[in-house]
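>>> Using only what follows, build the 3D model:
(one chain, ligands or ions: 2)
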Amino acid sequence: MENVVTRLLQCRDLLFRFGEQPVLDGAALDVEAGESLALLGKSGSGKSTLLRIIAGLEVPERGEVVIDGNIATSGARLLIPPHHRGVAMVFQDLALWPNLSVAENIRLGLSGLRLSRRECDERIEDVLRLCEIDDLARRRPASLSGGQQQRVALARALAMRPELLLLDEPLGGLDLLTKVSVLGQLARLRHELGFAVVLVTHDSVEVQGLCDSLAVLEGGRIVERGRLEDVVANPVSELGRAFVATMLQM
Ligand SMILES: Nc1ncnc2c1ncn2[C@@H]1O[C@H](COP(=O)(O)OP(=O)(O)OP(=O)(O)O)[C@@H](O)[C@H]1O
Ligand SMILES: [Mg+2]
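Ligands and ions are numbered 1, 2, ... in the order given. You can find the predicted model right below:
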């Protein structure tokens, strides 16, 4: 018998179209609790769309999203709203509110959870410390460096205490040292808090720094999926092979 409960996330047979053009067509993806999965795919292949469907921000025409054994999305029906999924997302453009301070950005991220003022304050204090940005609490995003903004977006997502953290290329544009530092911080937090990660990236530094498995999205479906070491030993997709080749050159 299939055991759906040990799997944190199951996406089954997703169909999603913008107009006539299918973006996802038969896409299926499972993520185990605590796993850290790299998601690769060409630009426009539907990576952000897939993440948005998992987060409940977009609804497919067909297929299911099952989280912790509960059907969260079924066909065109959203059965569990985004803030009750235990899923948090850091967006490709970070999506920080420019007119709010760092602390207020994090507070707004918690607004769907119906926590008391005191619980919110505690969580904000917690993640500011965890992400080592306590001293930035009153600043506005525009006054921060790129690396500091990444940490704020990450803190806002972690304050939700997600079981699954979706990271949509959030580290692009960072210099190598800052990237390595943010990756190290993420790996440590993952170890401490135990959440699973899906990281959209093209960067082997990010994959090696954070991920233990890898999937490739192509032609609307997942065409490659496995433990990182197995994919490295025997990549089956074109993008998988190209990625492994660049990784081995390092
Ligand atoms: N609002 C929209 N209206 C119409 N088409 C869209 C819309 N958003 C995305 N698309 C199209 O859907 C496809 C998938 O987009 P998506 O953003 O999911 O790709 P992606 O893999 O995240 O790409 P990238 O690596 O460039 O971020 C693309 O062809 C894109 O042009
Ligand atoms: Mg994208």
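
>>> Give me the buried positions along stretch 137-156.
Going by neighbour count (16 or more other Cβ atoms under 10 Å), the buried part of stretch 137-156 is 137, 140-141, 144, 147-156. Every residue, glycine included, has its C-beta placed from N, CA and C.

>>> Can you flag which of those belong to helices?
Secondary structure from DSSP state H places G147, Q148, Q149, Q150, R151, V152, A153, L154, A155, R156 of the buried residues of stretch 137-156 in helices.

>>> need those residues in a markdown table with pLDDT and distance to A33, can you?
Below are these laid out as a markdown table (pLDDT from 0 to 100; distance: Cβ to Cβ, whole Å):
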| residue | pLDDT | distance to A33 |
| --- | --- | --- |
| G147 | 85 | 29 |
| Q148 | 89 | 31 |
| Q149 | 92 | 29 |
| Q150 | 88 | 25 |
| R151 | 89 | 25 |
| V152 | 94 | 27 |
| A153 | 93 | 23 |
| L154 | 90 | 20 |
| A155 | 92 | 22 |
| R156 | 94 | 22 |
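
>>> Quick one: the residues you listed as TSV, columns for distance to ligand 1 too.
Output for these, formatted as TSV (distance: Cβ to the nearest ligand atom, whole Å):
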residue	distance to ligand 1
G147	21
Q148	23
Q149	18
Q150	17
R151	22
V152	21
A153	16
L154	19
A155	23
R156	20
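
>>> quick one: the helices in the chain?
Using DSSP H, helices in the chain cover 47-55, 102-109, 117-130, 146-158, 176-193, 204-210, 228-233, 238-248.

>>> Need those helices in CSV (columns: distance to I71).
Listed next are the helices of the chain as CSV, based on distance: least, Cβ to Cβ, whole Å:
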stretch, distance to I71
helix 47-55, 13
helix 102-109, 25
helix 117-130, 28
helix 146-158, 24
helix 176-193, 26
helix 204-210, 29
helix 228-233, 30
helix 238-248, 31
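
>>> In terms of mean pLDDT, which of those ranks lowest?
Within the helices of the chain, the stretch with the lowest mean pLDDT is helix 176-193, showing a mean of 87.

>>> Give me the buried stretch members for that helix, please.
T178, K179, V182, L183, Q185, L186, L189, R190.

>>> Convert the C-alpha atoms of that helix to PDB, please.
Extracted in PDB, the C-alpha atoms of helix 176-193 (Å, rounded to 0.1, in the frame of the first residue of the first chain):
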ATOM      1  CA  LEU A 176      30.500  34.300  -4.000                       C
ATOM      2  CA  LEU A 177      31.500  35.000  -0.400                       C
ATOM      3  CA  THR A 178      28.100  36.400   0.600                       C
ATOM      4  CA  LYS A 179      26.500  33.500  -1.200                       C
ATOM      5  CA  VAL A 180      28.600  30.900   0.600                       C
ATOM      6  CA  SER A 181      27.800  32.700   3.900                       C
ATOM      7  CA  VAL A 182      24.000  32.700   3.300                       C
ATOM      8  CA  LEU A 183      24.200  29.100   2.100                       C
ATOM      9  CA  GLY A 184      26.100  28.100   5.300                       C
ATOM     10  CA  GLN A 185      23.500  29.800   7.400                       C
ATOM     11  CA  LEU A 186      20.600  28.100   5.500                       C
ATOM     12  CA  ALA A 187      22.300  24.700   5.900                       C
ATOM     13  CA  ARG A 188      22.700  25.300   9.700                       C
ATOM     14  CA  LEU A 189      19.100  26.400  10.100                       C
ATOM     15  CA  ARG A 190      17.800  23.400   8.100                       C
ATOM     16  CA  HIS A 191      19.800  21.200  10.400                       C
ATOM     17  CA  GLU A 192      18.500  23.000  13.600                       C
ATOM     18  CA  LEU A 193      14.800  23.300  12.500                       C
END
